[in-house]
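*Asks:* Fold the stuff below for me.
(chains A and B)
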Amino acid sequence: MGPQREDREKDISKYQLMVDSIEIYAIFLLDPSGYIETWNSGAESIIGYSPDEIIGKHISMLYTPTSIKAKEPDKELLRATQNGHVEDQDWLVKKDGTRFWASAVTTALFNDHGNLIGFANITRDITDRKRSKDALIVANKMLKYQHVELELLNSVKDEFVTLASHQLRTPATGIKQFLGMLLEGYAGTLTEQQTTFIQKAYDSNERQIDLVNSLLRTAQVDAGKVSLNKSFVSLRSIVNDVIEGLRDVFENRNQTITITEQQPVADIYIDEPRIRMALENLIDNASKYTDEGGGITISLNETRGYAEISIKDTGVGIAQHDIKHVFDKFNRIPNRLSEIVGGTGLGLYWTKKIIALHKGTIKVNSELDVGTEFIVKIPKGVVRV
Amino acid sequence: MSVPSLLLKFLRELCVYNVLLVEDDSAIREAFAMILNLGDKYTVTTAENGQIALDLCKENYYDLILLDIMMPILDGIGFLKEYTTNYDDVAKVIIMSNLSSGSELSLVQDYGVERAILKSSLTPTKLLEIVDETLGSKPATT
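*Replies:* Numbering: from 1, shown residues only, chains lettered A, B, ... in the order given. All right, here's what the predicted structure looks like:
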């Protein structure tokens, strides 16, 4: 035995030792027909058979019945022969009959003359990895399903609110007409006490109508069912109209209202009824949250591409930590006037949405006990030719 | 009935506008009909839905139709489609909706509707004013 051959045999036994001691990979050799020739300790610990039990058996005994029926073992060896090697993942069967998800590389072995002398197979058990991947896929599917379900529920909710609002408002409209006839004297003169009682019932019914209207408007805007009907309108004339409509409110509270137009604002392209309502919400709020005798200043201005309107009051103001919540749905910020004022917590939410639909912005500056300023900017829109 | 009194009745009927009120809610229907009858200036006929209204329009002429939108059997839009395409000598129409969703405005444009009003914002006096304005008569005296 020459020294070269001795070294080579030493190398081979070192490799043998290494292959044998690898526990996390099943490493084994097959003859050209697929019969198992060697079996390392990794193969034994992963698959369960001892070398005595498995050597000489065909590789197909590790496959599932379905794979055997589909001739997977032969196909795999053929692919390895044709391509040099093949990588695959599939269920394999352990000695105890349980299955594991195997990631395997099968390499075809050729001698110096190019003849196939067998295959080397390295297999890992990646069942855990597959399980977590499968779990992720399932979780992902569940999430998608839940998302669809939530969207459906949301649209059912929107429809319910719309329908319920219509149904609630119809009787309230009937009540309003009959009480209105009494109050407006169409059924003869009422005593002072009768008038007071009926007026209270009428006002209460009006609050109900307002509430239902707010809910319905909010449901529409939430459901994305608002399509703007735009035309060119003078912002100044809208503000004048709103103030005229609220004149009694200001007079009753002895509040002064000042309008300044820093420069003439050109007509803007907007959905007039909706912007009117948005401004009415802001101006009405300014009055409600300002003490009797206070003042409200409305300034109109025009900046590049935008009409700007500021509504500034000398009212109760909003604490810094509450400012970011003023536009939240159903949110009412407690202050010393909020109990008297009443409200739904929907006005500012809706207002912001409507301004956003116009691609405009609304900002709020406020200081507690000093006052609040809302600044609305609305793009002027298409230039009128 | 004597001839002069018949003549007087006929003349009076000539001066009285015929109004058709189409509304499915009985309380609102009754209230609006009462209000419109207050001034003795209108003869008010009521219909519970668009189909009944169409049938009435086949036999009668109305100066004004007050039309609800959401109704069973045939809604206000269905009524307008049929009425404006297949009926001659159509009346002025005021649509009564409950919330301005913007679609009323397109109805006004598409069907030549006179105006759209919000039912829940009406008071009896306001309703009379709107009807008088639309028919071009003086406000009702009560």
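*Asks:* contacts and neighbour counts: CA atoms only from here.
*Replies:* Noted.
*Asks:* Distance of A:Ser310 relative to A:Ile296?
*Replies:* Computed as Cα to Cα, to the nearest Å, the A:Ser310 to A:Ile296 distance reads 10 Å.
*Asks:* ok, now which ones touch the closest residue to chain A within chain B?
*Replies:* Nearest to chain A, among the residues of chain B, is B:Ile28, at 4.7 Å (Cα to the nearest Cα). By Cα atoms under 8 Å, 6 or more residues apart in numbering or on different chains, the residues touching B:Ile28 are A:Thr170, A:Pro171, A:Thr173, A:Gly174, A:Gln177.
*Asks:* How is it assigned, secondary-structure-wise?
*Replies:* helix (DSSP: H, G, I helix; E, B strand; the rest coil).
*Asks:* Show the pLDDT at it.
*Replies:* pLDDT recorded at B:Ile28 is 91.
*Asks:* how close does B:Asp75 sit to B:Glu114?
*Replies:* For B:Asp75, the distance to B:Glu114 equals 18 Å [Cα to Cα].
*Asks:* Oops, could you answer that again for A:Val105 instead?
*Replies:* 81 Å.
*Asks:* who in the stretch 51-200 of chain A is up against chain B?
*Replies:* A:166, A:169-174, A:176-178, A:180-181, A:184, A:186 (Cα under 8 Å from any Cα of the partner chain).
*Asks:* By residue count, tell me the biggest strand in chain A.
*Replies:* Counting residues, the longest strand found in chain A (DSSP state E) is strand A:99-110.
*Asks:* I'd like the average pLDDT over the helix or strand following that strand.
*Replies:* With elements assigned by DSSP states H and E, the helix or strand that comes after strand A:99-110 is strand A:116-125. For strand A:116-125, the mean pLDDT works out to 94.
*Asks:* ok and strand A:116-125 relative to strand A:99-110, angle-wise?
*Replies:* Using axes from the mean of the first three to the mean of the last three Cα atoms, to 10 degrees, the direction of strand A:116-125 lies 150 degrees away from that of strand A:99-110.
*Asks:* in its sheet, what does strand A:116-125 sit against?
*Replies:* According to DSSP bridges, strand A:116-125 forms sheet pairs with strand A:26-30 (antiparallel), strand A:99-110 (antiparallel).
*Asks:* In TSV, list these along with mean neighbour count and mean pLDDT.
*Replies:* Shown next, in TSV, are those (neighbours: other Cα atoms under 10 Å in any protein chain shown; pLDDT from 0 to 100):
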stretch	mean neighbour count	mean pLDDT
strand A:26-30	24	94
strand A:99-110	20	94
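*Asks:* Tell me which of those sits nearest to A:Arg79.
*Replies:* strand A:99-110 (9.2 Å; Cα to Cα).
*Asks:* What is the neighbour count of whichever residue of chain A sits closest to chain B?
*Replies:* Chain B sits closest to A:Gly174 of chain A, with a gap of 4.7 Å, by Cα to the nearest Cα. Taking other Cα atoms under 10 Å in any protein chain shown as the criterion, the count of residues near A:Gly174 is 21.
*Asks:* What does the pLDDT read for it?
*Replies:* With respect to pLDDT, A:Gly174 scores 92.
*Asks:* just A:Ala201 next, same as before
*Replies:* 93.
*Asks:* Just give the closest residue to it, not the sequence neighbours.
*Replies:* Spatial nearest neighbour of A:Ala201, excluding adjacent residues (Cα to Cα, 6 or more residues apart in numbering or on different chains): A:Leu179 at 7.9 Å.
*Asks:* residues near the one you found, how many?
*Replies:* By other Cα under 10 Å, neighbour count at A:Leu179 equals 20.
*Asks:* need the strands for the stretch 101-250 of chain A, in chain order.
*Replies:* With DSSP state E, counting those that start in this stretch as the criterion, the stretch 101-250 of chain A has strands at A:116-125, A:230-233.
*Asks:* Nearest to A:Glu23, out of those?
*Replies:* Closest to A:Glu23 of the strands of the stretch 101-250 of chain A is strand A:116-125 (Cα to Cα; 10.0 Å).
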